[in-house]
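Asks: Following is a predicted model, sequence given first.
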Amino acid sequence: MTRRRIQIKKIDNTTARQVTFSKRRRGLFKKAFELSTLCDAEIGLMVFSATGKLFEFASSSMQQVIERHNLHRDNLGKMDQLSLELQLENGTSYAMLSKEIEEKTHELRKIRGEELPGMDIEELQKLEEELEGERFQEEITALQQKGAQLMEENQRLKQMENLFSTQTHVLEQGQSSESITNLCSLSDPQDNGSSDISLKLG
């Protein structure tokens, strides 16, 4: 005989709704316990009933799970901020450097005589003065050095980002290993009843 599918909707009968809540809650906590035991997962589960009562399950402790969640959230925010700052800094610096190089390249073409026909008397006189001091060649050299420094700074920021990610991963691994010892002290929620894994307020 085929099992009849239950339509998922709010149960109107109050008594039936309370009975279903109690059965489903115990089943949910049992599945959470099995998942944490079989897969060495750190789990924190909170359930509020329709009357406002709190039921919770944690593979280690709820406070530890919450602290780990907050740490993970904060670290993700810092990594996103660091990545955004790195992108903005690189984008702005490269744009400015590219513009300067383009301008100096244009000036060098004038120095080499490639654009002399399009220059007026004043521009030619200014070019002659600039040639005497060889100022543009020095500026090009300075720009090249600036570009090299920018590349080094970019590499340093990427190394900092990788180091920060590695430290976060190691910290999370350390917290996960502590949950193995805590799990050994847990008993099966079916044997001890829902009171062993739940906290009722009210």
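Replies: Happy to help now that I have it.

Asks: for the protein, what spans make up the strands?
Replies: For the chain, the strands defined by DSSP state E cover 44-48, 54-58.

Asks: orientation of the last one relative to strand 44-48 in degrees?
Replies: When you say that, I think you mean strand 54-58. Relative orientation of strand 54-58 and strand 44-48, computed by axes from the mean of the first three to the mean of the last three C-alpha atoms, to 10 degrees: 170 degrees.

Asks: Summarise which helices and strands strand 54-58 is packed against.
Replies: Here strand 54-58 touches helix 14-39, strand 44-48, helix 62-111, going by 3 or more C-beta pairs under 8 Å, 6 or more residues apart in numbering; DSSP states H and E. All C-beta atoms are positioned from the backbone trio N, CA, C, and that covers glycine.

Asks: ditto for the first one
Replies: Taking 3+ C-beta pairs under 8 Å, 6+ apart as contact, the helices and strands that strand 44-48 lies on are helix 14-39, strand 54-58, helix 62-111.

Asks: Direction included, what does that strand pair against?
Replies: Applying DSSP bridges, strand 44-48 is found paired with strand 54-58 (antiparallel).

Asks: report the angle between the axes of the strand it pairs with and helix 14-39?
Replies: On the basis of the same axes, to 10 degrees, strand 54-58 is oriented at 10 degrees to helix 14-39.

Asks: how about low-confidence regions in this protein?
Replies: For the chain, the stretches with pLDDT under 70 are 1-3, 76-95, 98, 105-106, 108-120, 124, 127-128, 130-136, 169-202.

Asks: domains in it, as residue ranges please.
Replies: 14-59+186-196, 65-179 (automatic domain parsing).

Asks: which ones are touching I66?
Replies: Counting by C-beta atoms under 8 Å, 6 or more residues apart in numbering, I66 makes contact with G44.

Asks: how near is it to M160?
Replies: 28 Å (C-beta to C-beta, to the nearest Å).

Asks: same deal with E123?
Replies: For E123 relative to M160 (C-beta to C-beta), the value is 47 Å.

Asks: what do you get for A50?
Replies: Using C-beta to C-beta, one gets 50 Å for the distance from A50 to M160.

Asks: do Q64 as well
Replies: Distance from Q64 to M160, by C-beta to C-beta: 29 Å.

Asks: Between these two, which is the more surrounded one?
Replies: Neighbours of Q64 and M160, each counted by other C-beta atoms under 10 Å, are more numerous for Q64; the result is 17 against 12.

Asks: thinking that one is in contact with A58, fair?
Replies: Yes - when contacts are counted by C-beta atoms under 8 Å, Q64 is listed as touching A58 (7.5 Å).
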